[in-house]
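Peer 1: what's the 3D shape of this:
(chains A, B, C and D)
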There are 2 protein chains.
Amino acid sequence: MVDDWLSALESERASMGRASASEKVADALRTRIIEGDLRPRTRLSEERIGAALGVSRNTLREAFHLLGHERLVVREFNRGVFVRALDHDDVRDLYRFRRILEVSSIRQAAIDGSDLTRLHAAVDEGGAAAAVEDWRGLGSANMHFHEALAALAGSRRVDEAMRQVLAEMRLVFSTMSDPRTFHEPYLEGNRQLAALLAAGDHDEAERALLTYLDRAEAQLLAAMTT
Amino acid sequence: MVDDWLSALESERASMGRASASEKVADALRTRIIEGDLRPRTRLSEERIGAALGVSRNTLREAFHLLGHERLVVREFNRGVFVRALDHDDVRDLYRFRRILEVSSIRQAAIDGSDLTRLHAAVDEGGAAAAVEDWRGLGSANMHFHEALAALAGSRRVDEAMRQVLAEMRLVFSTMSDPRTFHEPYLEGNRQLAALLAAGDHDEAERALLTYLDRAEAQLLAAMTT
DNA sequence: AAACTAGCGATTGTTCAACAATCCCGCAAT
DNA sequence: ATTGCGGGATTGTTGAACAATCGCTAGTTT
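Peer 2: Sure, this is the predicted structure:
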């Protein structure tokens, strides 16, 4: 095709000038939350943050709505917005939901032959990040792996549900002191899972995924102070 | 317990005065959309609706955000918000998602013994509605049935995902001319499914559910003009 | 006649400032 | 220890203003 670059441009449009003011503010806050600068339970004052970012309260409000939609913050009527704090029940529920989504994705992959390129790309991304000891990058690669896994279901709604879940997972990770401990062990697990899927052994892949998730959940619950 | 009524009060808190203006506006619009008064593709003019409901554009905008979050409306940049119009792909994806959620709920029910009271209540509600030929009420009862079914998973996130899906389903039903055709056949299916679950025959229940959903999807797709 | 372009009106996106409503905190009173 | 009551601070909501963009019409060009 002569206009191959057209689709490439199309994909970049989201990060271009199309970002409205409220979306840019939401991006900034999202980064601060994920990076752990804004700890859970922190109240986000409209006045202070609006002044800091140089936007009006109304714009800030729309940004808060976006973040609330992603469950990164919670809005309490007449009290303000707070950085979300997840408790043990939340983590348990997140993993319950992940089991449903990811297992069904693997089963769907067993039915219709699936494209595993994204999955392998995520594995490679994680390997590269671990090689240079970029543990936060490894965490992102891990997210991409599970996003690609969920994509095997071939459903837009599953994709978005998974994105939502992973955003909340970042919220948990942000409270952890040592990212290496929580991401490095799963690099090998991802590689193994991808290999099982490539080999077509979906039953074993499902078992491996479940033990994988069980272990991750237990480790996270144990590390949570609250 | 002596303070049994406390939980009853707790459940009513949501419908109290705690609703903000934007939420009340969103409620009103949601009803109009679900009832079919606002047809898909209808453009929701900020000026006109704001005047009709007596709220400012800013408040209306927040309500639009809420409805957009529920996928009942879509926002097109610089063009306005429109009542969502679902196409065949949307319906297929909705049912793919429903299969994932509802099947996993049944399997979860097979593991931990589950409380089926809500399920039976929904069946009874449907029977009562059909007895007085309240087809829209039958539709609601049907929704409640599947909501109760999803609740068997015991996951807040599954509950909300299911609520979201059912809201979108209403969007499809609202375009249908004869609600009876699309709800009455499933009254018996619901009753049967509840009986199978009560009997503990989860495998058969799963099979019944899948054929149920396949049939519903096919019927809906066939009835969609667009 | 058909197609293209410039301009105009209408609508949305964004910001601002002000007022009303509500909550939080400390203090007093029972 | 619990209840009732301000005062101060923060959020909820409004209305207006300006900029940016879209859809349409009219006029021009080929």
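Peer 1: residues from chain A in reach of chain B?
Peer 2: Contacts of chain A with chain B, taken as Cβ under 8 Å from any Cβ of the partner chain, map to A:18, A:58, A:61-62, A:65, A:69, A:77, A:93-94, A:96-97, A:100-101, A:103-104, A:153-158, A:161, A:165. From N, CA and C alone the C-beta is placed, and that goes for glycine too.
Peer 1: which members of the residues you listed occur in helices, if any?
Peer 2: Among the residues of chain A next to chain B, the ones falling in helices (DSSP state H) are A:58, A:61-62, A:65, A:69, A:93-94, A:96-97, A:100-101, A:103-104, A:156-158, A:161, A:165.
Peer 1: and those, which of them are buried?
Peer 2: Burial by neighbour count, judged by 16 or more other Cβ atoms under 10 Å in any protein chain shown, picks out A:61-62, A:65, A:93-94, A:96-97, A:100-101, A:103-104, A:157-158, A:161, A:165 from these.
Peer 1: okay, strands next: where are they in chain A?
Peer 2: Taking DSSP state E, the strands of chain A run over residues A:43-44, A:73-76, A:80-83.
Peer 1: give me the buried positions along stretch A:54-73.
Peer 2: Neighbour count says stretch A:54-73 has A:55, A:59-68, A:70-73 buried, by 16+ other Cβ under 10 Å.
Peer 1: domain-wise, how is chain A divided?
Peer 2: Dividing chain A into domains by automatic domain parsing, as the record does, gives the ranges A:16-83, A:88-223.
Peer 1: now the longest one, how far from the centre of its chain.
Peer 2: Centre-to-centre, domain A:88-223 and its host chain are 10 Å apart (Cα atoms, centre = their mean, to the nearest Å).
Peer 1: same question for it, mean pLDDT?
Peer 2: For domain A:88-223, mean pLDDT rounds to 94.
Peer 1: what's the answer for stretch A:38-55, then?
Peer 2: pLDDT averaged over stretch A:38-55 gives 86.
Peer 1: residues making contact with that stretch?
Peer 2: Contact with stretch A:38-55 is made by A:21-22, A:25, A:28-29, A:32, A:56-57, A:59-61, A:63-64, A:73, A:80-86, A:171, A:174-175, as judged by Cβ atoms under 8 Å, 6 or more residues apart in numbering or on different chains.
Peer 1: chain A: helices as residue ranges?
Peer 2: Secondary structure of chain A (DSSP H): helices at A:4-12, A:21-34, A:46-53, A:57-69, A:88-111, A:117-131, A:135-151, A:156-173, A:179-183, A:185-199, A:202-223.
Peer 1: hmm, A:R98 is touching A:Q164, no?
Peer 2: No. Contact criterion Cβ atoms under 8 Å: A:R98 and A:Q164 do not qualify, at 11.0 Å.
Peer 1: those two: which has the busier surroundings?
Peer 2: Shown here are A:R98 and A:Q164; by other Cβ atoms under 10 Å in any protein chain shown, A:R98 has more neighbours (23 against 18).
Peer 1: which residues sit in contact with that one?
Peer 2: A:146, A:162, A:165, A:213.
Peer 1: hmm, back to that, dump the domains of chain A into JSON lines; add distance to B:E188 as well.
Peer 2: Putting the domains of chain A into JSON lines (distance: least, Cβ to Cβ, whole Å) gives the following:
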{"stretch": "domain A:16-83", "distance to B:E188": "39"}
{"stretch": "domain A:88-223", "distance to B:E188": "28"}
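Peer 1: just to revisit the earlier point, could you work out the most separated pair of the buried ones among the ones in helices among the residues of chain A next to chain B?
Peer 2: Spatially, the most separated pair among those is A:R61 and A:V103, at 38.7 Å (Cβ to Cβ).
Peer 1: what about A:S174, how many residues nearby?
Peer 2: Neighbours of A:S174 under the rule other Cβ under 10 Å: 20.
Peer 1: now swap in the one 3 residues further on and tell me
Peer 2: As a burial measure, the neighbour count of A:S177 was computed by other Cβ under 10 Å and equals 8.
Peer 1: residues in chain A within reach of DNA strand C, list them.
Peer 2: Counting by Cβ under 7 Å from any atom of the strand, the residues of chain A close to DNA strand C are A:20-22, A:55-59, A:62, A:77-79.
Peer 1: re the thing from before, out of the strands of chain A, deepest packed?
Peer 2: Stretch with highest mean neighbour count among the strands of chain A: strand A:80-83 (a mean of 19; mean count of other Cβ atoms under 10 Å in any protein chain shown).
Peer 1: direction included, what does that one pair up with?
Peer 2: Strand A:80-83 sits in its sheet next to strand A:43-44 (antiparallel), strand A:73-76 (antiparallel), going by DSSP bridges.
Peer 1: would CSV of those strands with distance to A:Q219 be doable?
Peer 2: Formatted as CSV, the strands paired with strand A:80-83 follow (distance: least, Cβ to Cβ, whole Å):
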stretch, distance to A:Q219
strand A:43-44, 30
strand A:73-76, 26
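Peer 1: reformat those strands as JSON lines; add distance to DNA strand D.
Peer 2: As requested, these are exported to JSON lines (distance: least, Cβ to the nearest atom of the strand, whole Å):
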{"stretch": "strand A:43-44", "distance to DNA strand D": "7"}
{"stretch": "strand A:73-76", "distance to DNA strand D": "6"}
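Peer 1: hey, C-alpha coordinates of stretch A:90-101 in CSV?
Peer 2: Output in CSV follows, covering the C-alpha atoms of stretch A:90-101 (Å, rounded to 0.1, in the frame of the first residue of the first chain):
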residue,chain,number,x,y,z
ASP,A,90,-10.4,-5.2,46.6
VAL,A,91,-7.3,-7.2,45.7
ARG,A,92,-9.2,-10.4,46.1
ASP,A,93,-12.0,-9.2,43.9
LEU,A,94,-9.5,-7.9,41.3
TYR,A,95,-7.9,-11.4,41.1
ARG,A,96,-11.3,-13.1,41.0
PHE,A,97,-12.2,-10.9,38.0
ARG,A,98,-8.8,-11.5,36.4
ARG,A,99,-9.2,-15.2,36.6
ILE,A,100,-12.6,-15.0,34.9
LEU,A,101,-11.3,-12.7,32.1
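Peer 1: which of the buried residues of stretch A:54-73 lies closest to DNA strand C?
Peer 2: Set against DNA strand C, the nearest of the buried residues of stretch A:54-73 by Cβ to the nearest atom of the strand is A:T59 (2.8 Å).
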